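Undergrad: sequence and predicted model, in that order:
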Amino acid sequence: MASEPTILDGGNIVHEPRHTRASLLQYQSLSLDAKVRLSILRIRAWYEHWQGQVYVSVSGGLDSTVLAHLVRSVYPDVPLVFFDTGLEYPENRRQCQEMGAEFIRPKRTFQEVIERCGYPVVSKRISQSVGEVQSAIRRGLPDAPLIQIRLTGYSRAGKYNKASKIPAKWMFLLDAPFKISHRCCHHLKRNPAAQAQKGGARPFLGVRVDESDNRLQAWYTYGCNTFEGNNPRSMPLSFWSDADVWAYIRANNVRYSALYDMGYKRSGCMFCMFGCHLEGLPNRFQRMKETHPKQWAFCMDKLGLRRVLDYIKVPYDDGPLMQAQERLIP
């Protein structure tokens, strides 16, 4: 595994043989200027390795907006690509248009994906595990080895893996009156990304390790730049924080999506339910009702999210934001 250079506040460059928790904490403790220099090192390494056959994947969110600005500060001609899934907030979509991104649409709509595969709930791991069990049962395979692993954590060989078992608190999802799946990202983002990479172009992604455990574990394996495997990608902002992103925006007067002036701290696919059970009030769907009532009505009534959220006990229709906020006050 190739090592990556680490830049210190003093400007000295050292090399580390592995990506460790200690090195990540070191990166995260750097000043913003040092983080920018380190990210530019990653950007240059990626660009030069692929001889300029690269692009920035943009979503209109803050992270990808900052990444696009940073990449183009070094390589002004690197193209921007927006995967137009139909799930993005209109403000973010407009942001990508104004940035001059190329729009690529998937072959299927979100509605087609959930009808064919199932709804994304809780997390990718939980949705995948529950969906696998549901699928095996529908196909008349109640004794499939995969079901045993998902229900108990034990393989036929008797080896236990906690991560393979559906947590007890989510076992009730197996009886849901609707299909559950993690496949929406595959159909709406990964397939279009494969289309964008047919000519050999490799992506810069605006993702950070503090957003999910999967991204953290991937960083421990590869660092910011993943040259190996079937899915090469560069994540130069991996070790940045929310505060770093905002500080960069303010310091460089970067124009960002109007969505973030409407009370939103993060933005993903509008109708995705991953992680919504962890949010305080008002959650993403309660806020959407206030800020984007047409989209809210579409996802609740046309896409069927109302019954899904009812089943997992996530509120979505508690009236004005002020009422939701008042309930948080003891």
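TA: Yep, it's here.

Undergrad: neighbours around L30, how many?
TA: L30 sits with 19 neighbouring residues when counted by other Cβ atoms under 10 Å. The C-beta positions use only the backbone N, C-alpha and C, and glycine is treated the same way.

Undergrad: an error on my part: the question was meant for N252.
TA: There are 12 residues near N252, going by other Cβ under 10 Å.

Undergrad: N253 now?
TA: 7.

Undergrad: quick one: average pLDDT of stretch 294-311?
TA: For stretch 294-311, mean pLDDT is 96.

Undergrad: first to last residue in that stretch, what's the distance?
TA: Using Cα to Cα, to the nearest Å, the end-to-end distance of stretch 294-311 comes to 23 Å.

Undergrad: N92 and G60 touch, don't they?
TA: Yes - using Cβ atoms under 8 Å, N92 is in contact with G60, at 2.7 Å.

Undergrad: list the residues that contact both of those two?
TA: Counting by Cβ atoms under 8 Å, 6 or more residues apart in numbering, the common neighbours of N92 and G60 are S257, L259, S267.

Undergrad: what is the neighbour count of the second one?
TA: It refers to L259. That count, for L259 with other Cβ under 10 Å as the rule, works out to 23.

Undergrad: could you look up the SS state of it?
TA: When classified by DSSP: H, G, I helix; E, B strand; the rest coil, L259 comes out as helix.

Undergrad: ok, it touching N92?
TA: Yes - checked against Cβ under 8 Å, the pair L259 and N92 is within contact range at 5.9 Å.

Undergrad: quick check: neighbours shared by those two?
TA: Common neighbours of L259 and N92, counting by Cβ under 8 Å, 6+ apart, are G60, S267.

Undergrad: now the lengthiest helix in the chain: average pLDDT?
TA: Counting by DSSP state H, the longest helix found in the chain is helix 32-49. Average pLDDT, helix 32-49: 96.

Undergrad: how far does that helix sit from the chain's center?
TA: Using Cα atoms, centre = their mean, to the nearest Å, the distance from the centre of helix 32-49 to the centre of the chain it belongs to is 22 Å.

Undergrad: would you mark the buried spots in it?
TA: 34-43, 45-47, 49 (16 or more other Cβ atoms under 10 Å).

Undergrad: among the shared contacts of N92 and G60, which one lies nearest to C299?
TA: S267 (14.8 Å; Cβ to Cβ).
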